[in-house]
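K.L.:
I would like the atomic coordinates for the input below:
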Amino acid sequence: MPTATSPGRSAVSDPIPVPSATIVESDAGLAAACRRWSKATAIGLDTEFIRERTYYPRPALLQVADAKGVVLVDPLRISDFGPFADILNNPAALIVMHACGEDLEVLDVMTGTTPQRIFDTQLAGAFAGHGFSLGYRDLVAALLQTSLDKGETRSNWLQRPLTPAQLHYAALDVLYLGPMHRHLTQQLEQKHRLNWVTEEFDHQRRARAEDSHPTSAYRKVRGRGALTPPNHAALRALATWRETEAMAQNRPRRHVLPDDALIGLARTLPGSIGDLASVRGLSSTARQRYGPTLLDCIAGARSTEPAELDRPMNFRPHAEVLKLLKAAAAQSAETLDLPPELVATRRGLEALLTIRLRDDSHIPPEFNGWRRAGITNALLTCLPKKAHD
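P.N.:
Prediction:
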């Protein structure tokens, strides 16, 4: 894995080949840059990081652009991110980013906070008619007729000094965020969809926060759908423990316990240290290190069951209803000229069906807001009647 060099080594090996770009390698330099950014109505932001053998991303570079140019901040040489955290926490500051999910994690690690106001150009591009999940370079080409090469996407960003090519790539990754924001805002205002972008981003942000909580970690475990409710309760307890352990050790989940070990434990429900030897995927090292803890998780789960709505559902008997839901979602996407993936995900449609099958009148959060009138109502007509109707 790449390792950072000593703090004494500069991030710069040669002058950066992008006009108006500045390197910041000190707390004083960052504070000065933040004073400048505090006067901007919007700033573009991106990060470079490494995440191979750790749970948390390792920040390697922070890129910020405003009307005066690009600033590249070397986080390996910064000890006080307080002034930048103040920028992120300022509700008047609009932070423009592209596909910002992982960048938000990096910012949280780096500064302890995330931006109050975000404009995600990838999401905005989807609402403006430029396709679902479009990459930064493709969106730059579509909006600004500017061609960018792939550059240093797989670089060692923790090496020092960074090469001119790396610095050039990093600067270009934020240089066009401001112009794209202006173009997309104009297009969305013409379509009367600017508020849709805000609503959708807020929903996605809440969903990411929920999914990142340790108690939701079981949803990421492959193979959980075949488990019965008692086994599922054990999986939830085990996955919650693994998540907190991975966070504490700062190691990837699979380096603590692989998914097949969690599934094996949840399926067989071992009751003793000896029983653990037959669990598929559970190494002898893991048995010795975590055995008693794993048994405690399983014992605690035996008397509990997962929340009703969290149990995996068998959708095979309802394949025709799902087909109708997908068709209705596709029709809504065509009518609204939106990507089908943005209108409704398979997981969302299954959640909608699950709630109806369990005779619940609750509507999943993603089907409220901008979707409610033009999409959700059409989907609801495809669902079976509630038992008391």
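K.L.:
Which residue is the nearest non-sequential neighbour of residue 343?
P.N.:
Closest residue to residue 343 in three dimensions, ignoring its sequence neighbours and counting by Cβ to Cβ, 6 or more residues apart in numbering: residue 333, at 4.3 Å. The C-beta positions use only the backbone N, C-alpha and C, and glycine is treated the same way.
K.L.:
Where in this structure is the helix or strand with the lowest mean pLDDT?
P.N.:
Every helix and strand of the chain was ranked by mean pLDDT, DSSP states H and E. The lowest is helix 346-357, at a mean of 88.
K.L.:
And it, what does it pack against?
P.N.:
helix 319-336, helix 377-380 (3 or more Cβ pairs under 8 Å, 6 or more residues apart in numbering; DSSP states H and E).
K.L.:
out of those, nearest to residue 38?
P.N.:
Evaluated with Cβ to Cβ, the helices and strands packed on helix 346-357 place helix 319-336 nearest to residue 38, the distance being 38.4 Å.
K.L.:
tell me what the closest one is packed against?
P.N.:
By 3+ Cβ pairs under 8 Å, 6+ apart, helix 319-336 packs against helix 340-343, helix 346-357, helix 377-380.
K.L.:
Would you mind giving the domain segments of the protein?
P.N.:
Domains of the chain are assigned by automatic domain parsing as 22-211, 217-310, 316-380.
K.L.:
now those domains as a markdown table including mean neighbour count?
P.N.:
Formatted as a markdown table, the domains of the chain follow (neighbours: other Cβ atoms under 10 Å):
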| stretch | mean neighbour count |
| --- | --- |
| domain 22-211 | 18 |
| domain 217-310 | 17 |
| domain 316-380 | 16 |
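K.L.:
how much space between residue 34 and residue 40?
P.N.:
Distance of residue 34 to residue 40, computed by Cβ to Cβ, to the nearest Å: 11 Å.
K.L.:
scratch that, residue 283 is what I was asking about
P.N.:
Using Cβ to Cβ, we find residue 283 at a distance of 52 Å from residue 40.
K.L.:
ok, now residue 67?
P.N.:
For residue 67 relative to residue 40 (Cβ to Cβ), the value is 7 Å.
K.L.:
Mutual contacts of the two, please.
P.N.:
Counting by Cβ atoms under 8 Å, 6 or more residues apart in numbering, no residue touches both residue 67 and residue 40.
K.L.:
for the stretch 151-300 of the chain, what are the low-confidence residue spans?
P.N.:
Within the stretch 151-300 of the chain, the segments meeting pLDDT under 70 span 151-153.
K.L.:
Backbone dihedrals for residue 99, please?
P.N.:
The phi/psi pair for residue 99 (degrees, to the nearest 10) reads phi 50, psi 70.
K.L.:
What secondary structure category should be reported for residue 49?
P.N.:
Classification of residue 49 using DSSP: H, G, I helix; E, B strand; the rest coil returns strand.
K.L.:
Mind listing the residues bridging to it?
P.N.:
Under the criterion DSSP bridges, residue 49 forms beta bridges with residue 59.
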